[in-house]
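>>> 3D model of this:
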Amino acid sequence: ELQLVESGGGLVQAGGSLRLSCAVSGSTFDDYAIAWFRQAPGKEREGVSCLHTGTGTTYYAESVKGRFTISSDGAKNTVYLQMNSLTPDDTAVYYCAADWRCRLAHAQFFISWGQGTQVTVSS
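Next up is the predicted model:
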């Protein structure tokens, strides 16, 4: 069973940057889709970005394109989400999740989830 642990959240001013990390353990790292989702209070969970560790293919929600970058380090079994030009609308709990395919619109299919990390962007 895969285990995912997020880290890197915090409080940042608008325009600032954060890098989230998702450490993956429990299985071979090189053939999964690892995605980042976020959920703000009172809002539905939103798929933010996804990376397939086998192909390197990446996907982004329109709301974060050009500002967020997803990447991976196979040696560390870790997926990162570099978030730049943050706005208060990016405030949410960010979760990483694993599946076989990058289907950002279908969070229900992701098989393993981390516990989440809070990102707060002040104006």
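>>> residue contacts, the residue of the chain most remote from its centre?
In the chain, counting by CA atoms, centre = their mean, Ser123 sits farthest out from the average C-alpha position, at 22.5 Å. By CB atoms under 8 Å, 6 or more residues apart in numbering, Ser123 lies in contact with Ala14, Pro88. (C-beta placed from N, C-alpha, C; glycine too.)
>>> Quick check: it vs Asp30, distance?
Distance, Ser123 to Asp30, by CB to CB, to the nearest Å: 41 Å.
>>> now swap in His52 and tell me
10 Å.
>>> Among those two, which residue is more densely surrounded?
Using other CB atoms under 10 Å as the criterion, His52 and Asp30 rank with His52 on top: 20 against 12.
>>> shaky segments in the protein?
29 (pLDDT under 70).
>>> Who is the residue nearest the centre of it paired with across the strands?
Nearest to the mean C-alpha position of the chain, counting by CA atoms, centre = their mean, stands Trp36 at 2.3 Å. Taking DSSP bridges, one obtains Ser49, Cys96 as the residues bridged to Trp36.
>>> from memory it sits against Leu81, does it?
Yes: counting by CB atoms under 8 Å, Trp36 touches Leu81, with 4.9 Å between them.
>>> tell me, what's touching the two both at once?
Leu20, Cys22, Val48, Ser49, Ile70, Tyr94, Cys96.
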